[in-house]
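Undergrad: Pasting the sequence and the predicted model now:
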Amino acid sequence: MSEIIRSIDVDAAIGDVDQEWTQFMFRTLVGHYQGAAADVEWTAADDAEQEGVVRLEGLPNDRTRVSVTVEFEGDEAKVAAHLERDLKMFKRFAETRG
């Protein structure tokens, strides 16, 4: 398996981002989830070969860094592009709902 790590900073407090990540996951992904205060783990639906961990880091001025580590099999460029797109969508989602 290969691994990709991508991060994005969100203009929202860590507690809000944690709550919004859960809402975002249910709206955009099909998989199996385990929630925690600072980390969220998931495995994709049975037909996909990937799993990952999301880490939330509180930053000054009520900002949060969302870092996603994905272990996968397949085309790295496609997985990276998909992850980057999803993080940008999440940033817009979290910042407009808060």
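TA: Noted; the coordinates are in hand.

Undergrad: ok, and what's touching stretch 68-84?
TA: Stretch 68-84 is contacted by residues 1-7, 49-55, 87 when judged by Cβ atoms under 8 Å, 6 or more residues apart in numbering. C-beta here means a position set from N, CA and C on the backbone, and glycine is covered the same way.

Undergrad: among the residues you listed, who's most crowded?
TA: Using other Cβ atoms under 10 Å as the neighbour criterion, residue 54 leads the contacts of stretch 68-84 with 23 neighbours.

Undergrad: That residue contacts residue 64, doesn't it?
TA: No: between residue 54 and residue 64 there is no contact under Cβ atoms under 8 Å: 11.1 Å.

Undergrad: what secondary structure does the residue lying farthest from the centre of the chain sit in?
TA: Distance to the chain centre peaks in the chain at residue 61, reaching 21.0 Å (criterion: Cα atoms, centre = their mean). The three-state label given to residue 61 by DSSP: H, G, I helix; E, B strand; the rest coil is coil.

Undergrad: Angles on the backbone of it, please.
TA: Note on residue 61: its backbone torsions stand at phi 60, psi 40 [degrees, to the nearest 10].

Undergrad: Can you tell me how far it is from residue 15?
TA: With distances taken as Cβ to Cβ, to the nearest Å, residue 61 is found 15 Å from residue 15.

Undergrad: Might you report the residue contacts of residue 93?
TA: Counting by Cβ under 8 Å, 6+ apart, residue 93 touches 20, 23, 24.

Undergrad: Then the last one would be within a helix, right?
TA: Yes: read with three-state DSSP, residue 24 is one of the residues of a helix.

Undergrad: what's the burial count for residue 78?
TA: 10.

Undergrad: And what about it, helix, strand or coil?
TA: Under three-state DSSP, the three-state class of residue 78 is helix.

Undergrad: State the distance from it to residue 85.
TA: Relative to residue 85, and taking Cβ to Cβ, residue 78 is found at 11 Å.

Undergrad: What is the neighbour count of the closest residue to residue 20 other than its chain neighbours?
TA: Nearest residue to residue 20 in three dimensions, chain neighbours excluded: residue 94, at 4.2 Å (Cβ to Cβ, 6 or more residues apart in numbering). Residues lying near residue 94 (other Cβ under 10 Å) number 23.
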